[in-house]
Structures are given as structure tokens and as C-alpha cells.
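>>> My questions are about this predicted structure, shown below with the sequence.
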Amino acid sequence: MGNEFVVLSDAPVGLAGDRLDFVRYVDALAELVTADTTQTPFTVGVFGAWGSGKSSLLRMLDERLSTDHAERTVRVHFNPWVHRREPNMLLPLLHTLQDTLAEDRSNRFRETVKRLRFMIANLTTDALLRKVSGGNVSIDKINELAEQYAEQRGKVESEMRNLRRTLQEQADAVGERGARLLFFIDDLDRCEPHEIIDLLESVKLFLDLRNVCVILAVAKNVVDRGVGVKYREFGFEASTVIEIGDEYLDKMIQLPLYLPPIEAERFLSGLELTGDLAEHASLLSEIVVPNPRRIKRVLNSCSMASVIARGSRVRPDVLIRLAALRIQSPELYAAVAARPELAPALEDAYAGRLPLDRPDQFIARYGQADADAVKLAVQKFYRAQAYLSAVFADTVFAEVKDELPRYLRMLGS
């Protein structure tokens with residue numbers, strides 16, 4: 001393969017790098033969160049699969065707001081994954097808010113920053129709240145002493161009401177200066193299920209305030225997993241967990257925005273492929289899944305393999321197919337790496353040359369000792385994913401079956 005192709009970064013992109021036409025969402029969201037007619041509190045949920053571009057959308061929105069509505073919004077960027085070691089997300093969330101307000105160039109929020117600093121100091125030193133937020137006292141243990149629990153519970157609820165009232169006062173102070181607090185919360189997908197639910201509950205409890213908007217980026221299935229962990233002791237079925245997850249999000253999100261699958265061919269054309277990858281662009285568009293991150297990983301794997309293979313004779317279409325398998329179907333790729341004859345066997349299965357209901361043909365081709373293992377593997381992966389029919393089209397793997405171990409080593413198997 002030619003090595004003209006530059007390895008792609010997976011970092012979120014801004015408006016200048018928009019290849020997914022996200023600007024149509026960005027402009028609408030920017031208008032929505034700044035409009036006087038938008039009632040607050042208001043929460044937008046940006047839903048999309050892992051790698052679908054949620055972080056890029058948030059970055060583009062931040063860029064648009066900083067350019068066109070700098071005085072209208074105070075943008076607070078909170079990454080829960082960075083603070084995953086914290087026993088409770090409330091304190092780092094407040095620290096992030098304080099730091100953001102302190103950076104205001106016109107120094108509009110001096111008094112609010114002082115008040116937040118005082119509030120954080122109290123939360124950090126208050127023994128009762130430190131126990132609650134630090135997780136040092138479990139509910140089960142507290143329940144052992146009912147009277148003590150009831151007394152402490154009353155104190156905690158009172159402190160929480162005070163905290164919420166204080167936060168509302170500070171949000172109103174920001175509003176009086178012609179701005180709104182806008183929280184960007186990203187990377188929830190990387191957190192543990194229980195951390196996700198804890199953060200969502202904190203957002204609902206403490207940020208459901210006037211003059212506050214929240215942009216929350218998350219994969220819906222991740223929330224469902226978090227709900228499953230929270231309610232697993234009740235033994236709910238999977239379908240019920242999904243319903244509970246829907247209801248959970250409905251209570252806190254006023255506007256759900258679902259990112260649609262991308263058009264792989266259009267996305268690839270925007271990357272301006274060169275060399276062998278450009279020559280096999282049609283193959284790539286058929287076998288990559290419609291996910292920007294996975295597409296970039298496939299292309300980067302091909303680029304790395306091309307450097308490793310430099311000076312040797314290789315077929316680009318073989319490397320491209322194997323790279324797609326490695327990134328998109330790691331279990332199948334591992335099976336092919338362990339038993340390379342599986343790849344041409346799947347080609348024959350898709351072409352109807354190796355019927356799954358004809359064990360005698362497997363025996364004739366692979367011998368009595370290996371026939372059952374190959375047949376079981378073919379049965380497991382045949383039509384397991386829609387894109388595989390394009391990967392195993394024609395006789396590509398059969399034509400290089402003796403060299404497949406070498407190709408697999410180029411990809412690091």
C-alpha cells in the first residue's frame with residue numbers, strides 16, 4: 001500500500017472541520033439557548049453512539065457561542081470522566097463553575113465567585129455533608145440506627161435546600177448581568193454506570209435552576225446500563241430497564257437531539273483520501289460502519305500497516321478488509337488470526353459455495369479433525385453483522401490464503 005495518507009486524529013473538531021453537516025444543529029442550538037423566549041431551566045440531551053461526533057458537536061456549539069453570543073452565555077465545561085475518582089461530582093462541578101466565572105474578562109461575576117468559594121469551603125469542611133458526599137456512611141449502616149438516621153436525614157435535606165437556594169441566587173445574579181449559565185457535560189460514555197447515574201441525579205438536583213441551561217452528551221445505551229446497575233436488585237428484564245431509562249431521561253431532558261448515522265461515502269470523500277486508499281474508496285464505503293471514530297481507526301490501521309509493509313508486495317484490498325474486521329469485529333478478527341482458513345471459508349459461505357447444512361463438504365475440505373471447528377466458527381459469524389457480506393464478497397481471501405498469516409502480522413495479530 002502507498003503511505004501518502006496522513007494518520008487522522010480523533011480529537012473533537014470545530015466548525016472549520018465539520019464534515020458531518022453539524023452546523024445545522026449548532027445554529028439551531030445556539031439560537032435556542034440564547035433566546036429570551038426559552039424558559040429555564042432547560043436541558044438538551046445530545047444522544048449518539050460512541051464515536052458518533054457528540055464531542056465535536058459540543059465543541060462547535062461552544063465555538064459559535066463564543067463568537068456570536070460571548071456576553072450572553074457563561075459556558076462551563078465539565079468532564080465527569082476527569083473527576084471519576086471523586087466520591088461525589090458536586091464539588092468538582094462547583095469548582096469548575098467558580099473557575100469559569102473567575103475567568104470572565106469583564107469581571108462581571110466577582111461577587112458570585114466569592115460566594116461560590118465560600119460555599120465550596122463550607123461543603124468541604126462540613127462534617128455531615130463530607131460524610132454524605134464522601135460515601136463514608138452507607139444507607140444500610142444508617143438504617144441500623146433509625147432515630148439517628150432520621151435526625152441526620154433532616155439535617156442533610158436542610159443543607160441541600162440551602163445549597164440549592166444559594167446556587168439559584170448565584171444563577172440569578174448571573175442572569176441580572178444579561179447572561180445565562182450553560183453547562184457542557186461530555187464524556188459520560190467513559191464513566192462507570194453508577195457514576196453516570198450519580199452525575200445525572202446531581203444535575204437534576206442542583207442545576208435545575210432559572211438562568212441555567214445544560215447540554216448533556218451521552219449514549220442512550222450507557223444510561224440504560226446505569227439504570228440497570230441501579231435497579232438490578234429488583235430483577236427487571238432488559239426491556240423494562242430500557243423503559244425505565246427512557247422515563248429517567250424524560251424527567252430531566254426537555255429537548256432530546258439524536259445524531260443520525262453518517263453517510264460513510266460522504267464522510268470518506270471529505271477526508272480527501274490518497275494513494276491506495278483513494279483507489280479503494282468504494283470498498284471502504286461498503287465495509288466501514290457509519291461511525292466517524294471507527295472509520296478513522298480503520299484508516300489509521302491501514303496507514304500503519306502500509307508503513308510496516310513498505311518494500312514488500314501486498315494487496316491493499318486484503319489489508320483494508322482485515323483492518324475493518326479488527327476495528328469493527330474484534331472477536332471475528334481474533335478467530336481469523338487463530339484460524340486463517342476461516343476467512344476464505346466465510347467467503348464461500350456467503351457465495352453459497354459452502355452450505356452450512358452440508359457437514360460433508362466441511363469434512364472434505366478441512367478433514368475430519370478440523371471440520372467441526374471451522375463449521376462452528378462459520379455458523380457463529382455468518383451474517384453476524386450486515387457489513388460482513390461486503391467484506392467476504394468475491395474470493396479475495398482465498399486468493400491469498402497462504403499469505404494470510406503475513407497480512408495478519410502487519411496488523412499486529
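Thanks, I have the structure now. Everything numeric in this text was worked out from a predicted model, so none of it was measured. Numbering: from 1, shown residues only.
>>> Isn't R225 up against E195?
No - counting by C-beta atoms under 8 Å, R225 does not reach E195; the two are 11.2 Å apart. For the C-beta atoms, the positions are set from N, CA and C on the backbone; glycine is no exception.
>>> what's the helix or strand for L283?
Using DSSP states H and E, L283 falls within helix 281-287.
>>> So what's the gap between that helix and the chain middle?
Taking C-alpha atoms, centre = their mean, to the nearest Å, one finds the center of helix 281-287 at 24 Å from the center of the full chain.
>>> What of stretch 259-278?
On C-alpha atoms, centre = their mean, the centre of stretch 259-278 falls 21 Å from that of its chain.
>>> and if you look at stretch 20-28?
The answer for stretch 20-28 is 19 Å, by C-alpha atoms, centre = their mean.
>>> Equivalent analysis for stretch 7-27, please.
With C-alpha atoms, centre = their mean as the basis, stretch 7-27 stands 15 Å off its chain's centre.
>>> which parts of that stretch are buried?
12-13, 18-20, 22, 25-26 (16 or more other C-beta atoms under 10 Å).
>>> Take those and lay them out in CSV including secondary structure and pLDDT.
Below are those laid out as CSV (DSSP: H, G, I helix; E, B strand; the rest coil; pLDDT from 0 to 100):
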residue, secondary structure, pLDDT
P12, coil, 90
V13, coil, 91
D18, coil, 92
R19, coil, 88
L20, coil, 90
F22, coil, 94
Y25, helix, 96
V26, helix, 97
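>>> Do a quick rundown of the strands in the stretch 101-250 of the chain.
Using DSSP state E, counting those that start in this stretch, the strands of the stretch 101-250 of the chain run over 180-185, 212-218.
>>> So which other helices or strands are in contact with the first one?
When contacts are defined as 3 or more C-beta pairs under 8 Å, 6 or more residues apart in numbering; DSSP states H and E, strand 180-185 sits against helix 23-34, helix 54-68, strand 73-78, helix 146-176, helix 193-206, strand 212-218.
>>> Could you tell me the angle between that strand and helix 54-68?
When axes from the mean of the first three to the mean of the last three C-alpha atoms, to 10 degrees is applied, the directions of strand 180-185 and helix 54-68 differ by 160 degrees.
>>> Now do strand 180-185: everything it contacts.
By C-beta atoms under 8 Å, 6 or more residues apart in numbering, the surrounding residues in contact with strand 180-185 are 33-34, 40, 58, 61-62, 65, 72-80, 97, 171, 174, 199, 203, 207, 211-217.
>>> Please convert the buried members of those into ChimeraX selection syntax.
Applying 16+ other C-beta under 10 Å to the contacts of strand 180-185, the buried members can be selected in ChimeraX as follows:
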select :33,34,40,58,61,62,65,72,73,74,75,76,77,78,79,80,97,171,174,199,203,207,211,212,213,214,215,216,217
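>>> ok, back up a step: indicate which one of the strands of the stretch 101-250 of the chain is closest to V113.
Nearest to V113, of all the strands of the stretch 101-250 of the chain, is strand 180-185, at 13.0 Å by C-beta to C-beta.
>>> Using CSV, list the CA coordinates for that closest one.
What follows is strand 180-185, C-alpha atoms only, in CSV (Å, rounded to 0.1, in the frame of the first residue of the first chain):
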residue,chain,number,x,y,z
ARG,A,180,-27.1,32.5,31.3
LEU,A,181,-25.1,29.7,32.7
LEU,A,182,-24.6,27.0,30.1
PHE,A,183,-23.1,23.7,31.3
PHE,A,184,-21.5,21.4,28.7
ILE,A,185,-21.2,17.9,30.1
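>>> Tell me how far G48 lies from D208.
Here the criterion is C-beta to C-beta, to the nearest Å. By it, G48 lies 24 Å from D208.
>>> More neighbours: which of the two?
The residue with more neighbours, out of G48 and D208, is G48; 21 against 17, by other C-beta atoms under 10 Å.
>>> Apart from its chain neighbours, what residue comes closest to that one?
Nearest residue to G48, sequence neighbours excluded (C-beta to C-beta, 6 or more residues apart in numbering): L259, at 3.6 Å.
>>> circling back to that earlier point, closest one to F381 out of the buried residues of stretch 7-27, please.
Set against F381, the nearest of the buried residues of stretch 7-27 by C-beta to C-beta is L20 (30.4 Å).
>>> re earlier: among the helices and strands packed on strand 180-185, which gets the worst mean confidence?
Among the helices and strands packed on strand 180-185, helix 146-176 carries the lowest mean pLDDT, at a mean of 69.
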